[in-house]
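[1] sequence first, then the predicted structure, then my questions.
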Amino acid sequence: MIIQLSEQITATQRETIISCVLKLGYKPNDVTTQKGRYIVGIGKKEFDIRMLGSMPGIVDIHRVSDDYKFVSNKWKVNRTVIDLGDGVLIGDGSLAIMAGPCSIENEKQIEDTINHLKENGVGIMRGGVFKPRSSPYAFRGLGIDGLKLWYSLARKAGIKIVSEVMQVSQIEEMVDYVDIFQVGARNTQNFNLLDELGKVDKPVMIKRGISGTIDELLSSAEYVFSAGNEKLMLCERGIRTYERASRNTFDINAIPILKEKTHLPIIADPSHGVGIREYVEPVALAAAVAGADGIIYETHQKPEEAFSDGQQTLDFAESARMIQKLNKVRQLLTSY
């Protein structure tokens, strides 16, 4: 169960509530986030919820049977909306678009990409400065200096930034230069990293693990939320299956299932989901129709010269056409 506490609760009232929770056979856990104070009760005994609901200091109480409590939609009626500032919202009913290269390479590439995004009405740029690569000899990113350069150029243009954080030690040096921390597929169950991201007041996007289940993704989000950060979104980016016709298998089913299970915004990544340039657009459109709150994909002025993932990266012309189609799909969906 989740007990939402009043902002004006006294220490005596809190202790009384905890004592009652213990008597019911539940283990109480204190959680404080940017938006509220809670007690999460873990247990399985049946009880009349009214025994607690009328106690002083309690705003609301919810019975949540899922292992993931805070990210479940069983306790939060309204869907979470991520506000990045300057009118850039994710999860408000519109379709957020995030686009950019796999890897940040140099100043000209950043400027070209920013110009492309602004020309097409996109307010969020994706890109990697710390790159987890299968080979130790592949390009592994420009690091924090590259992020600072990117940040300065993006800020001047009014563009928000989403970039991957790979380890706990990177959080502190990145926090002032990103608008969204991305947790990549390889780190979805890096619980130390998730715990630390729960302590920062910046949105976090968690990608589904390479072979991860939907419930495992939700449990990863619970780590961040329970550590104090409610600014969360989830990303379906394809899973590893026995199919070899594409890089991964994009799980379109995951989008409506996640929309039913959680109040968090759901983002689709068709670039990694299919891994083949000519199929990125149809997968992106399908994800939008399935109910995704946002699309994140890779674009580069010359994909054939990209330092990484060129085979799944759209050029700017392809990107512009896809954005136009996504906008038409969004208009069509909002008309019903």
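    Perfect, thanks for sending it.

[2] my understanding was that Leu142 contacts Gly127; is that so?
    No. Applying CB atoms under 8 Å, one finds Leu142 not in contact with Gly127, separated by 9.7 Å. (C-beta placed from N, C-alpha, C; glycine too.)

[3] and those two? Which one has more around it.
    In this view Leu142 and Gly127 are compared by other CB atoms under 10 Å, and Gly127 has more residues nearby, 28 against 21.

[4] point out where the stretch 201-336 of the chain drops to low pLDDT.
    Nowhere does the stretch 201-336 of the chain drop to pLDDT under 70.

[5] joint contacts of Leu142 and Gly127?
    103-104 (CB atoms under 8 Å, 6 or more residues apart in numbering).

[6] how many residues are close by Ile257?
    Residues contacting Ile257 under the criterion other CB under 10 Å number 16.

[7] ok, the one 10 residues further on next?
    Ile267: 27 surrounding residues under other CB under 10 Å.

[8] over to Ile49?
    Residues lying near Ile49 (other CB under 10 Å) number 11.

[9] who's in contact with it?
    With contact taken as CB under 8 Å, 6+ apart, Ile49 is in contact with 1, 61, 63.

[10] repeat that for 10 Å
    With contact set as CB atoms under 10 Å, 6 or more residues apart in numbering, Ile49 has these partners: 1, 61-63.

[11] now the buried members of those residues.
    When neighbours are counted using 16 or more other CB atoms under 10 Å, the contacts of Ile49 contain these buried positions: 1, 61-62.

[12] helices - which of those residues land there?
    Secondary structure from DSSP state H places none of the buried ones among the contacts of Ile49 in helices.

[13] inside strands: which ones of these?
    Among these, the ones falling in strands (DSSP state E) are 61-62.

[14] isn't Pro282 right up against Leu326?
    No. Applying CB atoms under 10 Å, one finds Pro282 not in contact with Leu326, separated by 11.6 Å.

[15] ok, these two, which is more surrounded?
    More crowded of Pro282 and Leu326, by other CB under 10 Å: Leu326, with 20 against 13.

[16] quickly find the element holding the closest residue to that one other than its chain neighbours.
    Nearest residue to Leu326 in three dimensions, chain neighbours excluded: Ala288, at 5.7 Å (CB to CB, 6 or more residues apart in numbering). In this structure, Ala288 sits in helix 277-290 according to DSSP states H and E.

[17] can you check Ile18 too?
    Per DSSP H and E: helix 11-23 holds Ile18.

[18] now for Gly310, how many residues are close by?
    Count around Gly310 with other CB under 10 Å applied: 17.

[19] so what's the residue count around the residue nearest to it when sequence neighbours are not counted?
    Leaving aside its sequence neighbours, Gly310 sits nearest to Pro303 (CB to CB, 6+ apart; 4.4 Å). Neighbourhood size, Pro303 [other CB under 10 Å]: 20.

[20] what do you get for Phe307?
    Phe307 has 20 nearby residues by other CB under 10 Å.

[21] wait, it touches Val129, no?
    No. The criterion here is CB under 10 Å, and Phe307 misses it with Val129 at 11.7 Å.

[22] shared neighbours of the two, anything?
    With contacts taken as CB under 10 Å, 6+ apart, Phe307 and Val129 have 103-104, 140-142 as neighbours in common.

[23] tell me which of these has the lowest pLDDT.
    Ranked by pLDDT, these bottom out at Arg140, which has 66.

[24] please identify which pair of the shared contacts of Phe307 and Val129 lies farthest apart.
    Ile104 and Arg140 (11.7 Å; CB to CB).

[25] overlap of the contact sets of the two?
    Counting by CB under 10 Å, 6+ apart, the shared contacts of Ile104 and Arg140 are 128-131, 307.

[26] okay, the residues you listed in a markdown table with distance to Met51 next?
    Shown next, in a markdown table, are the shared contacts of Ile104 and Arg140 (distance: CB to CB, whole Å):
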| residue | distance to Met51 |
| --- | --- |
| Gly128 | 51 |
| Val129 | 52 |
| Phe130 | 50 |
| Lys131 | 53 |
| Phe307 | 60 |
